[in-house]
Structure formats: C-alpha cells, structure tokens
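[1] Whatever this is, show me its structure:
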Amino acid sequence: MLCRNTNTEIFHFVATREKEKQNKTSFFSSAPFLVSETSLSLSLSMSKGPGLFSDIGKKAKDLLTKDYSYDQKFTITTYSDAGVALTSTAVKKGGFSAGDVAAQYKYKNAVIDVKVDTESNISTTFTFTEILPSTKTIASFKVPDYNSGKLEVQYFHYHATFTTAVALNQSPAVDLSATIGTPSIAFGAEAGYNSTSGSFTKYTAGISVTKPDSSASIILTDKGDTLRASYVHHLDQLKRSAAVGEITRRFSTNENTFTVGGSYMVDPLTVVKARLNNNGNLGALLQHELKPKSVLTISGEFDTKALDKNPRFGLALALKP
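    Next up is the predicted model:
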C-alpha cells in the first residue's frame, strides 16, 4: 500500500511539471513575435533597475513635446506573412514634401530596421539583446554617408546601467553614460569625448525621483550652462490626467523659461494635451484612436502675445492593421 501511494505521488508530480512546461511553451509561442527567455530576463532587469541616463526627465519631456507636430504626416504600417513590418511615411512641411519606407524584422534576440527615404539615403540598424548577459547592442550606419556608423552597448543591472557609444570612423567620438540607484531614485552622468581634438564635447549630470503618482528630475546640461528641473504629477489613481511643470535656467544669458502643461484622457480612445510657457506660446493637441493601433493626431500652437501672427497647425494619421 505504501509503494502504491508513493508511485501515485510521483506520477502526480511528473504530470504537474509536464503541464507547467507545456503552459510555458504555449505562452512564448502565442506571442506576436518569437520571445526568448533571455530577452524576457533582460526586460525584467531593465524594469527593476534605475533605467538609462536618457530616461531622467523623460516623462516631463514626453508630456510637453511628444506628438506635437505642425506638419502634415501620413503613416501606414502593414505586416507580411514572414513577420516583416513595412511602414510608409509621407510628410509635407511647408512647401516641401518628403517620404520614406521602413522595414522591421524581429527574430529571437535580434531586430533589423532598414529605412529608405526620398533622398536615396539608406539607414540600417541592428539591435541584439543578450549577446552578453544583461546587455543590448545597437549597430547603425547610413549609406552613402559611410562615416555615420555607430556602435552602442547598453548594460543593465538591478542597481546600475552603463552605455557606451562609439562612432565608426577614422576620428571616432565616444559617448559614455552611467546611472546608479533604483527605479525610485537614480543619479546619472553623461560625457562625450572627441578623440581628434582630445576634448570633451559634452558633460551632463542628473537626478530623478520617481513615485507611483509623481516624478521629479534635475539635469545640469550644456557643459554646466543650463539647469533644467521638471515635475510630473498624476491627478488620479488611474493616471487619466497629469500635470507637468518645467523650468530652465541658462546661466550664460540669465534667461529663464518656465513651461506648464498637462494631459487628460477624455475616454479610453481620446487624449487631449496642452502646454504654455512664459513667452506666451500656447500649444494644444487632440489624439484619437480611430481603431486599435490607428491614431489621428491634431495639434496647434499660437503666440498669445502676438495674436496677429498666423497660428501653426499639424495633422498626423497613423494606420495599422
């Protein structure tokens, strides 16, 4: 009797483990693109770490600038049976028109982006995750500008991130950035070095504090000439509305720029945004999702201190299947 019970427990354990394995396999196979366990672990480490230096102040910047456009832009994206995403873009700016066609292909830990524009420029970007543990490698170049090649390596850790970017030409410039901390508080610095002149092209430092309903950051940039402080606060638990304030101080000219703005989600498909600075420039934006992943954006801006000037308007339509 003891032996039979033991065998039953062993059989139940094996069956349970096999079921868990099948569920895990079906989860990855049901993803839109192939997702590996290594790329998933990298995503987890990125979310639990302090983020890249470029993420400091990004929330305020996105609220005040993202999707504001004063051109006419039309974008359509389609997907082939092989998993290639094709995106065609046409832009009209003033009396000039331009366009490009981009293709993106994802396979396991690699993403390949190729873009061809109306000026016969071909831009190619290769992105690889987990070539080395907890890293992302990005290689890019543009034809016919053969000196535009660039290699970037990002390293993610639970308490630090590092980025190194090197230009692939005869006189390479090197950009370095590092961030230490946690998702709640992070300190970072960035520097650029020109190997030909032997001088620093830039050095920047910043700090960010992030809470569930707010985010604040202070950045010293332009080689210490400009100080930018920003604060974002969500006004409700569902984050349907947010307010943002940013002040920029340029020490060399004693110039201060103060900008306030906000966003409000009217319904699950519609978002409105607005911004105003101390120079009197008022901008507004309406974004509506016509159908899943297809978005219409209407934006405008005018000078409240010079109402005789013509306001600027922009229209962007992005269609996806």
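[2] ok, residues contacting the helix or strand hosting residue 314?
    Secondary structure from DSSP states H and E places residue 314 in strand 312-319. For strand 312-319, the surrounding residues in contact (Cβ atoms under 8 Å, 6 or more residues apart in numbering) are 67-77, 294-302. No exception for glycine: its C-beta is placed from N, CA and C like everyone else's.
[3] Same question for stretch 95-104.
    84-91, 111-119.
[4] hmm, back to that, kindly write the ChimeraX command that selects the buried subset of the contacts of strand 312-319.
    Only the buried members of the contacts of strand 312-319 enter the following ChimeraX selection, criterion being 16 or more other Cβ atoms under 10 Å:
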select :68,69,71,73,75,77,294,295,297,299,300,301,302
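[5] quick revisit: list the buried residues for the strand holding residue 314?
    312, 314-316, 318-319.
[6] Make a markdown table from those and add pLDDT and distance to residue 239 to it.
    Output for these, formatted as a markdown table (pLDDT from 0 to 100; distance: Cβ to Cβ, whole Å):
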| residue | pLDDT | distance to residue 239 |
| --- | --- | --- |
| 312 | 92 | 29 |
| 314 | 95 | 26 |
| 315 | 96 | 27 |
| 316 | 96 | 23 |
| 318 | 96 | 23 |
| 319 | 95 | 27 |
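[7] Sort out which one of these lies nearest residue 163 for me.
    Of all the buried residues of strand 312-319, residue 318 has the smallest distance to residue 163: 29.1 Å, by Cβ to Cβ.
[8] Next one: the closest one relative to residue 265, how far apart?
    Noted for residue 318: a distance of 18 Å to residue 265, by Cβ to Cβ, to the nearest Å.
[9] Kindly report the same for residue 250.
    Applying Cβ to Cβ, the value for residue 250 to residue 265 is 34 Å.
[10] swap in residue 183?
    Here residue 183 is placed at a distance of 24 Å from residue 265 (Cβ to Cβ).
[11] hey, what's the residue lying closest to residue 223 once chain neighbours are set aside bridged with?
    Using Cβ to Cβ, 6 or more residues apart in numbering and skipping residues adjacent in sequence, the residue nearest residue 223 is residue 203, 6.0 Å away. Assessed by DSSP bridges, residue 203 has beta-bridge partners residue 191.
[12] which parts of stretch 105-120 are buried?
    106, 109, 111, 113, 115-116.
[13] sorry, that was for stretch 142-151
    Result for stretch 142-151 [16+ other Cβ under 10 Å]: buried residues 142, 149-151.
[14] so where do the helices sit in the stretch 51-200 of the chain?
    Remark: helices assigned in the stretch 51-200 of the chain by DSSP state H, counting those that start in this stretch are 58-65.
[15] where do the strands sit along it?
    Counting by DSSP state E, counting those that start in this stretch, residue ranges of the strands within the stretch 51-200 of the chain are 72-79, 84-93, 96-107, 110-117, 122-129, 135-143, 150-156, 160-167, 173-181, 185-194, 199-211.
[16] got the angle for the first one vs strand 96-107?
    Orientation note: strand 72-79 sits at an angle of 20 degrees relative to strand 96-107 (axes from the mean of the first three to the mean of the last three Cα atoms, to 10 degrees).
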